[in-house]
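Colleague: Here is my input; please provide its structure:
(chains A and B)
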Amino acid sequence: MAVLSGTAVEHRPAHPPKNRLRWTASEEASGLALISPTLLYAVALLFLPILIVVAYSFWTQDYLTIDRTFTLQNYKTALGEPIYQDLLMRSLVISLVVSVVTVTVSYPIAWFISFHGGVHKNLWLFLITVPCWTSYLLRVMSWKVILGYGGVMNTGLLSIGVIDKPLTSLLYNSNAVVITLVHSWAAFAILPIFVSLEKVDRSLIEAAHDLGDNKLMSFLRVTLPLSLPGVISAFLIVMIPTVGDYVTPKLVGGKDGVMIATAIQAQFGKGANWPLGAALSVTTMVIVSAMAGLVVLGLKLLVRMAK
Amino acid sequence: MHETPMITIEAVNKFYGIYKALDDVSLDIAAGEFFSLLGPSGCGKTTLLRSIAGFDTPSTGDIRIDGQSVIGTPPNRRPTNMVFQNYAIFPHLDVEENVAYGLKRLKLDANEERRRVGAALDQVRLGHLGKRRAHELSGGQRQRVALARALVMRPKVLLLDEPLSALDKKLREEMQVELRSLQKAVGITFILVTHDQYEALALSDRIAVMFGGRIAQVATPKEIYQRPTTRQIADFLGGMNFMKARITGETSTRLTVETPRFGGVTLDKPLGFTARNGTATVGIRPERLRVLWDDARAEFELAGKVVDRHYFGEITHLIVDVPGMEQPLSVSETNNFGADDIPVGDAVRLAYDPDALVALSD
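Modeller: All right, here's what the predicted structure looks like:
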């Protein structure tokens, strides 16, 4: 510093201004130093693979050799082939349905815990996380046991006489995928909604009652709009990962429940066409991001209209 | 009080488990009255207000508003509106939408709704801030939004839960004046909950002082201040010098006592008075004692020595030790004549009016 601003320093050498202190001693620097290991780790493990995937999507593969000349052919296939269009569409529809259903069933639970959990709020939250203690795979498998031909559901319905032969429509279709995913992700939707409900000042709800609203109206006009941030994050937390879910459709989806991740996996595996797999991945990512943005916008618009 | 009271509270009790939040409270509040519930925190004043609003339900007893029992009526169907302690301004709505919140349900036509919102905002001098959000408002402005939002509903009774406690002193005093003139202008019954004695004295037509879930005294501000019935009330509303006095005569309404230094006096007997070992507590307010300067004489005098002095700007508190009194007397003297210059240790003579003495229940 002294070398750089030579003349100025000569006038007041004894008292350099405080803000001219060395940057390395500043709070900003120590903050950056503290987060840098994590930051570097995250950047390395997030952006590098994505960059590689993006790069691959513009290349071509011939058996084991990669041709690194730039081409858009992979995207043409990914967006043009009916099979990939169908798979992508189905993935998006399934993830949308899953998010809507998950948020819809999670909201009342979160609301109940927040408003009527009393002193046992933590116990309730704890109980909700209990299913997450077992592996994801086991939870999906257990739905096979429930929905299968000789499963809990069928034997139960048989024994009470609702049906006279086991239903085959329960498992190995997109409904089974939706049911399983909703169950798997419910806890992740309940928590953000619960947090945003906790932040709603209870005296606002009293004020709404005081101004003439019944319980339903005060919920629609005060509680729901104020808990919207939680609803949006729950929606995104569920929607984004479910589009690319691989395990659930594989285990309970059957032929009807195949989603885009299965196709991507096939290209990286048996298909031996990494560039096409990469192009499919990138396409999915872009579309999911766009859809997430649209959903957020849509929900916000809905609330503005409800006012 | 000759017509039907606007609010009748009849033998109301409220239990939380074994804790008694309201203990046999009975009260009549007239239409158009500015009524205050005054007491320390935990005395039950907020519970009583919330019972009138419908947010709390009395365990026993009845509450009638304009002749109608409201027990079992939810808050949204009561002719009351409330100004909450933290104002409870809806953060997702702007000022106009906040004020219009309750009107929406009435399905007024758009022009009428706009007119009423505008009038309510003008009434609290917020006409120019209609598009602001709650977080863009100062404490005083939020307070006004809360007032406008409640008044626009034209309630029979406006309930105010410590509405001024979050404001700084200067703003609080301004809002007190405004609240009083607003109440005069709209003519609605106001019920104010406060722990601030000066606020209650300055605003109210009548005050109910509450301790431990019970109503200790209901009276006009002047009467409550000058003729408190118990030592607790006298102590809560400004300071008072207390002394033990020997009872020399007692009728059903009057009490004759022999005080240590204030001579023999006959005083009104307070409600619920019981003698203890033949003595009664007698009190006199610090400002009813006056310093006698130079050769000035008074019919009733006391002599003592200044042992301490507290300066409060416009007044000075002199602590005067009077021989024969158990406790030194606190004297509140305006600083017009130089009470703030009396040195500690000086002898002073004090004048008093025997009418200023009050007998108190313990």
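Colleague: check contacts around residue 232.
Modeller: Going with chain A. Applying Cβ atoms under 8 Å, 6 or more residues apart in numbering or on different chains to A:Ile232 gives the contacts A:295-296, A:299-300. For glycine as for every other residue, the C-beta is placed from the backbone atoms N, C-alpha and C.
Colleague: if you could check chain B rather than the one you did, that'd help
Modeller: By Cβ under 8 Å, 6+ apart, the contact set of B:Gln232 is B:211, B:216.
Colleague: now swap in B:Val358 and tell me
Modeller: Counted by Cβ under 8 Å, 6+ apart, B:Val358 has contacts B:226-228, B:234, B:267-268, B:270, B:282-284.
Colleague: Spell out which parts of the stretch 101-250 of chain A neighbour chain B.
Modeller: A:201, A:203-204, A:206-214, A:217, A:221-222, A:225-226 (Cβ under 8 Å from any Cβ of the partner chain).
Colleague: From the residues you listed, list just the buried residues.
Modeller: A:201, A:203-204, A:206-213, A:217, A:221-222, A:225-226 (16 or more other Cβ atoms under 10 Å in any protein chain shown).
Colleague: Who are the packing partners of whatever helix or strand B:Thr316 lives in?
Modeller: If you go by DSSP states H and E, B:Thr316 is part of strand B:315-321. Here strand B:315-321 touches strand B:301-311, strand B:329-334, strand B:347-352, going by 3 or more Cβ pairs under 8 Å, 6 or more residues apart in numbering or on different chains; DSSP states H and E.
Colleague: TSV for the contacts of A:Ile232, including secondary structure and neighbour count?
Modeller: Shown next, in TSV, are the contacts of A:Ile232 (DSSP: H, G, I helix; E, B strand; the rest coil; neighbours: other Cβ atoms under 10 Å in any protein chain shown):
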residue	secondary structure	neighbour count
A:Val295	helix	17
A:Val296	helix	15
A:Leu299	helix	16
A:Lys300	helix	12
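Colleague: Turn those into TSV, including distance to chain B.
Modeller: What follows is the contacts of A:Ile232, written out as TSV (distance: Cβ to the nearest Cβ, whole Å):
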residue	distance to chain B
A:Val295	19
A:Val296	16
A:Leu299	13
A:Lys300	11
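Colleague: for B:Val319, which residues make a bridge with it?
Modeller: If you look again at residue B:319, you'll see it is Ile, not Val. Judged by DSSP bridges, the bridge partners of B:Ile319 are B:Asp308, B:Ser330.
Colleague: Out of the contacts of B:Val358, which sit inside helices?
Modeller: B:226, B:234 (DSSP state H).
Colleague: Which of the contacts of B:Val358 sits closest to chain A?
Modeller: Closest approach between the contacts of B:Val358 and chain A, by Cβ to the nearest Cβ: B:Pro228, at 33.6 Å.
Colleague: Pull the contacting residues for that closest one.
Modeller: Counting by Cβ under 8 Å, 6+ apart, B:Pro228 has contacts B:217, B:234, B:237, B:240, B:283, B:358, B:360.
Colleague: Just those: which are in strands?
Modeller: If you go by DSSP state E, the contacts of B:Pro228 have B:217, B:283, B:358, B:360 in strands.
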